[in-house]
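Novice: Have a look; sequence and predicted model below, questions after that.
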Amino acid sequence: NAGVTQTPKFQVLKTGQSMTLQCAQDMNHEYMSWYRQDPGMGLRLIHYSVGAGITDQGEVPNGYNVSRSTTEDFPLRLLSAAPSQTSVYFCASSYRGDEQFFGPGTRLTVL
Amino acid sequence: GNSVTQMEGPVTLSEEAFLTINCTYTATGYPSLFWYVQYPGEGLQLLLKATKADDKGSNKGFEATYRKETTSFHLEKGSVQVSDSAVYFCAGILTGGGNKLTFGTGTQLKVEL
């Protein structure tokens, strides 16, 4: 199993550009989540999903959209990138909402 | 509101020293508690967990006991190694949402020879 995969590993955007961060898991997990990691702030939940077709907002959802059309994939869309969205983004999945398995992360810089 | 608070770092220890990283939580009910570790350039990995009061989670020589009376989940290791150098995150599922983890700010540990 590949576990949780994320692409790209690194990305540089200009303010106002849009992009999609990809996340996929091959463990047949129902639960998937997106977090951002900022220095001194730990990880904060952006959006999460408890199954295909079901998504909900986390702690810091503004400026991000998600969809969950399949169990495997959970893409995160930045609609109009802002410098405040410079961060490291982690996707995670879990089977029963208990132990979460994290991807390797995407480091995003918005100029 | 619900939160997880852990001691700030960085923490620098000599090899074979004793490690304690403090973690406390604020929540109603009975949260599940976790310690995650992040090695440089990698994602987070689950280190250990405890799901009810007085449970002790353990893994790779690390231990943490879920203390409801003090709302704490301190991480300990009797003898650290250079390879333990990483960032450690305390986290909890503090509300009813099954996958809504709340993280502490992380504690960087550096172990020197």
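Specialist: The structure has been received and is ready for your questions. Please read these numbers as outputs of a predicted model, since none were measured by experiment. Residues are numbered from 1 along each chain as shown, chains lettered A, B, ... in the order given.

Novice: which strands and helices sit next to the least confident helix or strand in chain B by mean pLDDT?
Specialist: Across the helices and strands of chain B, the lowest-confidence element by mean pLDDT, DSSP states H and E is strand B:101-103, at a mean of 90. Strand B:101-103 is packed against strand A:31-37, strand A:43-51, strand B:3-6, strand B:86-93, with contacts defined by 3 or more CB pairs under 8 Å, 6 or more residues apart in numbering or on different chains; DSSP states H and E. C-beta: built from backbone N, CA, C; applies to glycine.

Novice: From one end of stretch A:96-107 to the other, what's the distance?
Specialist: With CA to CA, to the nearest Å as the measure, the first residue of stretch A:96-107 is 28 Å from its last.

Novice: I meant to write stretch B:35-42 there.
Specialist: Here the two ends of stretch B:35-42 are set 16 Å apart, with distance taken as CA to CA.

Novice: pLDDT on it, on average?
Specialist: With pLDDT averaged residue by residue, stretch B:35-42 scores 92.

Novice: Could you dump the helices and strands packed on strand B:101-103 into TSV and include mean neighbour count, mean pLDDT and distance to B:Gly61?
Specialist: Converted to TSV, the helices and strands packed on strand B:101-103 look like this (neighbours: other CB atoms under 10 Å in any protein chain shown; pLDDT from 0 to 100; distance: least, CB to CB, whole Å):
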stretch	mean neighbour count	mean pLDDT	distance to B:Gly61
strand A:31-37	25	95	26
strand A:43-51	21	93	25
strand B:3-6	19	94	19
strand B:86-93	24	94	13
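
Novice: Quick check: bridge partners of the residue nearest the centre of chain A?
Specialist: When chain A is reduced to its mean C-alpha position, the nearest residue by CA atoms, centre = their mean turns out to be A:Trp34, at 3.2 Å. The residues listed as beta-bridge partners of A:Trp34 by DSSP bridges are A:His47, A:Cys91.

Novice: on that earlier part again, ok, the least confident helix or strand of chain B: who's next to it in the sheet?
Specialist: Within its sheet, and counting by DSSP bridges, strand B:101-103 is paired with strand B:86-93 (antiparallel).

Novice: Contacts for the strand it pairs with, please.
Specialist: Residues external to strand B:86-93 that are found in contact with it (CB atoms under 8 Å, 6 or more residues apart in numbering or on different chains): A:42-43, A:97-98, B:4, B:6, B:9, B:21, B:23, B:25, B:27, B:31-40, B:44, B:47, B:73, B:75, B:99-104, B:106-109.
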